[in-house]
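> sharing a model prediction with you, sequence too.
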Amino acid sequence: MTEVTGMNAAPDGQVPPSEDGGAPVLRTEGIAKTFGAVVALRRIDLELRRGEVLGLVGDNGAGKSTFVKILTGFHRPDTGRIFLDGKEVRFRSVKEARAHGIETVYQDLALIPQLPVYLNLFLNREHTSLANIRWLSKQKMRRLARQYLDEIKVSIPNIDAEVESLSGGQRQAIAVARATQQQAKILLLDEPLAAMGAKESAMIIDLVKDLSRNRKETMIIIDHNHTHLFELCDRLAVIQHGTITFDKPVKDTSIEELTDLMVSSYRAQIVAGQRERRAS
Ligand SMILES: Nc1ncnc2c1ncn2[C@@H]1O[C@H](COP(=O)(O)OP(=O)(O)O)[C@@H](O)[C@H]1O
Ligand SMILES: [Mg+2]
């Protein structure tokens, strides 16, 4: 059987070459997931190259978060396969996915509000869980935290400040910083700008841009704002009803094309809804 995966076609089981000649950093094949009667994902075939920033677009309920949660080991797919650097992986937990270099910034951030900024930056890693964090001296953690935040140009004047005293944008920046302290193989951002004002969004956008340009992070970003996505991404994919219906480099599409696609899908849903109501 021959599958068409994104823009590359390759026989089953073989890894299609990416532009740099190596295997794509991520490839998924036929990922499907149901929750009881709800089909969240029908079939997701996707590829991501190293250093690429992919924007995922889709209506509410299209399956974006479910796909991301499968990549992070939070959910297990019903069927389908995941390949990292050409090797098949199966994650049984978030911890396992993280051990493979898959980092996520959760919508609820998962920071500890009562702890200072510098400690929150170290809470991510298995070897520095609160229980055995003591091997790193407080001074060293503070120094490393300051150094890293400066390096990625995140402006937090006081790293001893408790996270709860910071703005939403600053907290999100810390969550992103924590996920990227060690370069992630893939960084997943599910609506990182949700509930953020214009100024705070701009701060996170700058951070994501910096991570992609200067640190070559490989990322998948979910965001409803097409303008943001065109600013941040190399490629855009649309998920509709649990499958990818559009997958193009940003340079080969436009905000108009993407918006038309989303609006026409929205219209089709309304028409289908009207037919259903008339039929009943
Ligand atoms: N844990 C869950 N239990 C039951 N249904 C779920 C669960 N997670 C997601 N769904 C359903 O799966 C579909 C896809 O959801 P989701 O992946 O969150 O979409 P999106 O992030 O694109 O808005 C929706 O119909 C949603 O209600
Ligand atoms: Mg979602």
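Nice, thanks for sending it over. Ligands and ions are numbered 1, 2, ... in the order given.

> so what's the closest residue to ligand 1 within the stretch 151-280 of the chain up against?
Nearest residue of the stretch 151-280 of the chain to ligand 1, counting by CB to the nearest ligand atom: residue 239, 6.5 Å away. C-beta here means a position set from N, CA and C on the backbone, and glycine is covered the same way. By CB atoms under 8 Å, 6 or more residues apart in numbering, the contact set of residue 239 is 44, 56, 57, 58, 62, 63, 64, 67, 245.

> that one and residue 246, how far apart?
9 Å (CB to CB, to the nearest Å).

> next: residue 39.
With CB to CB as the criterion, residue 39 and residue 246 are 19 Å apart.

> ok, now residue 110?
Residue 110 is 31 Å from residue 246, by CB to CB.

> for those two, indicate the residue with more neighbours.
Per other CB atoms under 10 Å, whichever of residue 110 and residue 246 has more neighbours is residue 246, with 16 against 13.

> contacts only, for that one.
236, 237, 238, 258, 261.

> please apply the same query to residue 222.
Here residue 222 is in contact with 55, 56, 57, 64, 65, 68, 189, 190, 191 (CB under 8 Å, 6+ apart).

> phi, psi for the last one please.
Here is the backbone geometry of residue 191 (degrees, to the nearest 10): phi 50, psi 60.

> surely residue 24 forms part of a strand?
No - according to DSSP: H, G, I helix; E, B strand; the rest coil, residue 24 belongs to no strand; its state is coil.

> now it. Nearest residue, chain neighbours left out?
Of all residues not flanking residue 24 in the chain, residue 47 sits nearest, at 4.4 Å (CB to CB, 6 or more residues apart in numbering).

> secondary structure element holding that neighbour?
Per DSSP states H and E, residue 47 falls inside strand 38-48.

> what about that strand, distance to the chain center?
Per CA atoms, centre = their mean, to the nearest Å, the displacement of strand 38-48 from the mean C-alpha position of its chain is 15 Å.

> what's that strand packed up against?
strand 2-5, strand 26-35, helix 64-71, strand 243-249 (3 or more CB pairs under 8 Å, 6 or more residues apart in numbering; DSSP states H and E).

> if we go to 6 Å?
Other helices and strands packing on strand 38-48, by 3 or more CB pairs under 6 Å, 6 or more residues apart in numbering; DSSP states H and E, are strand 26-35, helix 64-71.

> now that strand: buried residues?
Going by neighbour count (16 or more other CB atoms under 10 Å), the buried part of strand 38-48 is 40, 41, 42, 44, 45, 46, 47, 48.

> the third one against residue 244, yeah?
No - taking contacts as CB atoms under 6 Å, residue 42 lies outside contact range of residue 244: 9.8 Å.

> can you tell me which residues in the stretch 1-150 of the chain are near ligand 1?
35, 38, 40, 58, 60, 61, 62, 63, 64, 65, 66 (CB under 6 Å from any ligand atom).

> leaving out chain neighbours, which residue sits closest to the third one?
Read it as residue 40. Using CB to CB, 6+ apart, the closest residue to residue 40 is residue 66 (4.2 Å).

> so what's that neighbour up against?
By CB atoms under 6 Å, 6 or more residues apart in numbering, the contact set of residue 66 is 33, 40, 41.

> surely the last one meets residue 32?
Yes - under the contact definition of CB under 6 Å, residue 41 touches residue 32, with a separation of 5.3 Å.

> where in the stretch 1-150 of the chain is pLDDT low?
1-21, 107-109, 124-136 (pLDDT under 70).

> quick one, strands of it?
Secondary structure of the stretch 1-150 of the chain, counting by DSSP state E, counting those that start in this stretch: strands at 2-5, 8-11, 26-35, 38-48, 53-57, 79-84, 87-89, 102-105.
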